[in-house]
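[1] Sharing a model that was predicted from the sequence below.
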Amino acid sequence: MATYSKEQILHLEDRYRRNLINSLMGARPAVLIGTADAKGNTNLAVFSQLLHIGANPPLCGILFRPDSVDRHTLTNIRETSVFSINVLSAQYAEKVHQTSARYGVDVSEFEAVGLEPEFTKSCVAPMVKQAHIKAVCEMHEEIKIAINGTILVIGAIKWIEIEDNCLRNDGSIDHYARKSLAVCGLDDYGSLQQVARFGYAKPDRKPEKT
């Protein structure tokens, strides 16, 4: 069994520590964030730090590393205030991961990795044509987290598109139907598999499967 104190964690080799802490929270959704700069140049990047903020109003959050170096996605959101969220199935894992490469600002990841951009008339941010779940968001707030300099961008969800076989009658999204892509840590990809779905938990009864 491996155990680490806070002091031991801080003295681990950088890559080992990064892999350990990034994978500690387990599998998370791997989504592609699509943006464009003020000139219309497109950008696409994989993120695992997409957060549910609230449903009324509908809000989500993206956590960015400190902007001590150029973050194309963050720069574009600051310029245009809009971004897209795209969920792809596991078959696209290689292309999704490749968007994390450090391409130059003049290179579109869509073209570099072989994914197709798609636009709505009211939004400059590109979506991914191959995605089975797409959303368009407008930046509402930017919060700098003091302890480590990371940046939380809160987006207001303005538009959603979900393929029919992924949407349940109660409004919930069935990510298992299309094997939505997930990632553990920085580079370990898999697909979601349902174990069970339960009704609302109450203290006086056992969970009921739905």
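    Here it is on my side, so go on. Computed from a prediction, not measured in an experiment: that's the story for all the values here.
[2] Tell me which residues touch K158, please.
    Counting by Cβ atoms under 8 Å, 6 or more residues apart in numbering, K158 touches 123, 136-138. Heads up, the C-betas are built off the backbone N, CA and C, glycines and all.
[3] Okay, and which of these map to strands?
    By the criterion of DSSP state E, membership of the contacts of K158 in strands covers 123, 136-138.
[4] can you put the contacts of K158 in a markdown table and add pLDDT and distance to D70?
    Listed next are the contacts of K158 as a markdown table, based on pLDDT from 0 to 100; distance: Cβ to Cβ, whole Å:
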| residue | pLDDT | distance to D70 |
| --- | --- | --- |
| C123 | 86 | 23 |
| V136 | 95 | 24 |
| C137 | 96 | 22 |
| E138 | 96 | 23 |
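[5] Pipe those residues into CSV and attach distance to I33 and neighbour count per row.
    Putting the contacts of K158 into CSV (distance: Cβ to Cβ, whole Å; neighbours: other Cβ atoms under 10 Å) gives the following:
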residue, distance to I33, neighbour count
C123, 13, 19
V136, 11, 22
C137, 9, 27
E138, 13, 16
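[6] got a list of contacts for the top helix by length along the chain?
    Using DSSP state H to define each element, the chain has its longest helix at helix 14-24. By Cβ under 8 Å, 6+ apart, the list of residues contacting helix 14-24 from outside reads 4, 9-10, 12, 184-186, 188.
[7] Identify the farthest-apart pair in these.
    L10 and D188 (23.6 Å; Cβ to Cβ).
[8] out of those two, which sits in the busier spot?
    D188 (13 against 9; other Cβ atoms under 10 Å).
[9] Any figure for the gap between the residue nearest to the more buried one when sequence neighbours are not counted and A182?
    Spatial nearest neighbour of D188, excluding adjacent residues (Cβ to Cβ, 6 or more residues apart in numbering): S23 at 6.9 Å. Distance, S23 to A182, by Cβ to Cβ, to the nearest Å: 12 Å.
[10] Between those two, which contacts overlap?
    The contact sets of S23 and A182 do not overlap (Cβ under 8 Å, 6+ apart).
[11] one step back: who does the next helix-or-strand element following the longest helix of the chain pair up with?
    Beyond helix 14-24 on the C-terminal side, the first helix or strand identified by DSSP states H and E is strand 28-29. Paired strands of strand 28-29, with direction, are strand 181-184 (antiparallel) (DSSP bridges).
[12] picking up where we left off before, specify which member of the contacts of K158 is nearest to R197.
    C137 (27.1 Å).
[13] Wait, that closest one touches F83, no?
    Yes: look at C137 against F83 with Cβ atoms under 8 Å: they come within range, at 5.5 Å.
[14] neighbours around E94, how many?
    By other Cβ under 10 Å, neighbour count at E94 equals 10.
[15] did I read that right, it in a helix?
    Yes: counting by DSSP: H, G, I helix; E, B strand; the rest coil, E94 is part of a helix.
[16] could you list every residue that touches C60?
    Applying Cβ under 8 Å, 6+ apart, we find C60 in contact with 50-53, 85, 135, 137, 154-155, 157.
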